[in-house]
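> Need coordinates for the following:
(one chain, ligands or ions: 1)
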Amino acid sequence: MASRLRSRWAGVLRTPVGAAAAALLAAVLLLALLAPLLWSARANAVHTDLITRGSSAAHWMGTDNLGRDIFFRVLVATRLSVELALLATVIGVVAGLLLGTASLSLGARAGRLVTAVVNIAVAFPGLLLALFFAVIFGTGTKGAVLAIGLAIAPGFARLTQTLVATTSGRDFVAAARVAGVGRFRLLVRHVLPNIGEPLVVNATIAAGGALLAFAGLSFLGIGVRAPDYDWGRLLGEGLSGIYVHPGGALAPGVAVVVAGLAFNLFGEAIAKGIGQRTAVERRVRPTAAGPAVAPTRPVAAGEDPVLVVEGLRVAFPGPYGPVTPVRGVDLALRRGEAAGIVGESGAGKSLTALAIAQLIEEPGQVHADRLEFLGEDLLGASARTKRHLLGTSLAMVFQDPMTSFNPARRIGRQLAEVAEQHQGMNRAQALARAVDRLRAVRVPAPERRVRQFPHEFSGGMRQRAMISMGLMGTPALIVADEPTTALDVTVQRQVLRLLESIRATDDVALLLISHDITVVGQACDRVLVMYAGRIVEDLPAADLRTHARHPYTRALLAAVPDMDTDRDRPLAVIPGRPPDPARPPGGCAFAPRCAFSDESCTEADPALVDDGEGRWVACWHADLTTAAAGERP
Ligand SMILES: Nc1ncnc2c1ncn2[C@@H]1O[C@H](COP(=O)(O)OP(=O)(O)OP(=O)(O)O)[C@@H](O)[C@H]1O
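Numbering: from 1, shown residues only. Next comes the predicted model:
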């Protein structure tokens, strides 16, 4: 998380605007720090013989009505100007945060009251509020700081309220509430860390605004008072003699503009950088090069292949170099064929599915020797071709359909959007197709249901709606990533039957991902067993119980209880834990947990080898386990 955040900020600084804004801001802050130490004496030295002089070699911007050097006064004023602007921003941000989080910290009723007050305050222009507060708090530095701070607060509170409302509706906050986490802790631990980024961006921009507002108040004479001076006061003084020598007004004016720009541009650059990465999904182009992988089996594409994947690797940058959770996956699917990927949590199943659907986001890297969908090479295809191909011919079904649907839009509109985007249908046609597709997945009363929101659907119905979204086009492949994990057993069966019937009637290939070997064994033609980023066994589902040879597959099967399981004995478990993808072991990744492992297993990673009957296994000791393969593992 921290490294991801660091890389985002580093990414922002690498853009030309971001780098320029950061350099400018650093220069302003450095000047604020050093100028009073270096040039205070020169800035305050009175020369009665040099009163209101124009620019000269000795005084670049001329002198004021006491003969003081305007250029050095502007430099020295940087500290007070920036200091006061930052102080006002801190007051505004803290007040905004307190008001914005009131609904969480004070409870719903008091929160509603605060929201109403904030809504009214937001309606007033900031500078008007600042003037209003300046009159209340009295003229002078303190009054101006409080005035500007409180003028910033309503806008900031409004933003915080919106962000808090979005975040507190999320599952992890609900879970923390159920777990009895107190309000303050909920706010500090669960909500604020998730809304911090936009708040920081806004605070930076607010600091730029505060700087300008301060200059305005001081210029009007209700800000900084003599003998102190900030840019606003210098501007006010300089303006009276602007026609005689313009330097007196120009220098503080330029300083206000440059410093204001530095804050605003920096804030904008961060907002843009962060926004790009959160709002727009940055898909990663798969590339042919990549980290070396253990040799795997050549892909038997078969007739009419829908999907051919060879040597698929997915890597992420890690603190000690790239981490490769998917280390060379090969698979091929024909029309109407169903293959299931099974494995423990963290094996790389979801990443494989996401990589196939081109949904891996930066900084992830997808590499493959071959990645073809419906004969189109996804490695070389243009973004437009891929979008069209995947948008119309690939259906993706995720584990939690609640998060896959936009909660604020009606189901019908969300389904229709697919047809409008990819099939050029008009609104009415697309909605009619949505009704038809919902009917196809056996959602009752689809005409009424299209007008409902996702929360009005039951879990099973949402999952069907998700599948129907995939069926808005004419998919050749459905990739279903744990589609039934969130559902109860009865609904699970219905969803699996639905996928099966779609496959049978429309000849659609299915890639089903599950951690449940029984589900995969029942719903698929082939079972691909994945361990630590590799396929370690690939065999027909019909042979699973009788011909599985990899100790891991056999251990997975043994861990499934059935009617014959001796209830007096503890359930079988696989000892140990899967390896950390950041530190893959030298040889076979399963060796540390395997009863058959010996030296050969730790020396080299075995390749997937064929037994000549369509079963592939990557194990140095597959023959040892074969002896027991006739029996139930
Ligand atoms: N964005 C990411 N950045 C870094 N590592 C990641 C990222 N996404 C996944 N991983 C790592 O890749 C590995 C495989 O993740 P993946 O989600 O594919 O597992 P999985 O087999 O689908 O497990 P599960 O059944 O729990 O979903 C995990 O160790 C995970 O921590």
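> and residue 312, which of the three is it?
The three-state assignment at residue 312 reads strand, by DSSP: H, G, I helix; E, B strand; the rest coil.
> Surely it is in contact with residue 327?
No - between residue 312 and residue 327 there is no contact under CB atoms under 8 Å: 9.1 Å. From N, CA and C alone the C-beta is placed, and that goes for glycine too.
> Compare those two and say which is more crowded by neighbours.
More crowded of residue 312 and residue 327, by other CB atoms under 10 Å: residue 312, with 28 against 24.
> For the more buried one, give the beta-bridge partners.
According to DSSP bridges, the partner residues bridging residue 312 are residue 329.
> which residues touch residue 409?
Applying CB atoms under 8 Å, 6 or more residues apart in numbering, we find residue 409 in contact with residue 453.
> per-residue confidence for it?
Model confidence at residue 409, expressed as pLDDT, equals 81.
> Let's verify it: helix, strand, or coil?
Per three-state DSSP, residue 409 ends up coil.
> Would you mind measuring from it to the ligand?
Distance of residue 409 to the ligand, given as CB to the nearest ligand atom, to the nearest Å: 27 Å.
> and what of residue 190?
Residue 190 is 21 Å from the ligand, by CB to the nearest ligand atom.
> Number of residues surrounding that residue?
19.
> surely it meets residue 164?
No - contact criterion CB under 8 Å: residue 190 and residue 164 do not qualify, at 10.7 Å.
> where in the stretch 201-350 of the chain is pLDDT low?
273-303 (pLDDT under 70).
> got the CA positions of the strand or helix carrying residue 429 in PDB?
Take DSSP states H and E as the rule and residue 429 turns out to sit in helix 427-440. The C-alpha coordinates for helix 427-440 follow below in PDB (Å, rounded to 0.1, in the frame of the first residue of the first chain):
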ATOM      1  CA  ARG A 427     -31.900   3.300 -25.900                       C
ATOM      2  CA  ALA A 428     -35.200   1.500 -26.400                       C
ATOM      3  CA  GLN A 429     -33.700  -1.400 -28.400                       C
ATOM      4  CA  ALA A 430     -31.000  -1.900 -25.800                       C
ATOM      5  CA  LEU A 431     -33.500  -1.900 -22.900                       C
ATOM      6  CA  ALA A 432     -35.600  -4.500 -24.800                       C
ATOM      7  CA  ARG A 433     -32.500  -6.600 -25.200                       C
ATOM      8  CA  ALA A 434     -31.800  -6.200 -21.400                       C
ATOM      9  CA  VAL A 435     -35.300  -7.500 -20.600                       C
ATOM     10  CA  ASP A 436     -34.800 -10.400 -23.000                       C
ATOM     11  CA  ARG A 437     -31.400 -11.300 -21.500                       C
ATOM     12  CA  LEU A 438     -32.700 -11.100 -17.900                       C
ATOM     13  CA  ARG A 439     -35.400 -13.500 -19.000                       C
ATOM     14  CA  ALA A 440     -32.800 -15.800 -20.500                       C
END
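> Check which helices and strands that helix sits against.
helix 411-423, helix 446-449, helix 459-470 (3 or more CB pairs under 8 Å, 6 or more residues apart in numbering; DSSP states H and E).
> Pull out the buried residues from that helix.
430, 431, 432, 433, 434, 435, 437, 438, 440 (16 or more other CB atoms under 10 Å).
> Kindly report the same for stretch 235-242.
235, 236, 237, 238, 241.
> Show residues contacting that stretch.
Residues outside stretch 235-242 that contact it (CB under 8 Å, 6+ apart): 52, 64-65, 70, 215, 218-221, 247-253, 256.
> Just the ones in helices from these, please.
If you go by DSSP state H, the contacts of stretch 235-242 have 70, 215, 218-220, 247-253, 256 in helices.
> ok, which pair from the residues you listed is furthest apart?
220 and 247 (21.9 Å; CB to CB).
> Pull the contacting residues for residue 475.
392, 393, 394, 395, 506, 508.
> one step back: any idea of the angle the helix holding residue 429 forms with helix 411-423?
110 degrees (axes from the mean of the first three to the mean of the last three CA atoms, to 10 degrees).
> Report the distance from helix 427-440 to the chain centre.
A distance of 31 Å separates the centroid of the chain from that of helix 427-440, by CA atoms, centre = their mean, to the nearest Å.
> Show the average pLDDT along it.
90.
> Stretch 605-620 now?
86.
> Comparing residue 220 and residue 247, which residue is more hemmed in?
Neighbours per residue (other CB under 10 Å) separate residue 220 from residue 247, with residue 247 holding more: 23 against 14.
> Now do the more buried one against the ligand, distance only.
From residue 247 to the ligand the distance is 55 Å (CB to the nearest ligand atom).
> same deal with residue 428?
With CB to the nearest ligand atom as the criterion, residue 428 and the ligand are 39 Å apart.
> cool, residue 53 as well?
In terms of CB to the nearest ligand atom, residue 53 sits 64 Å off from the ligand.
> To what extent is that residue buried, counted in neighbours?
By other CB under 10 Å, 20 other residues sit near residue 53.
> Provide a list of residues in contact with it.
59, 62, 63, 67, 245.
> Between all of those, which two are separated the most?
67 and 245 (12.7 Å).
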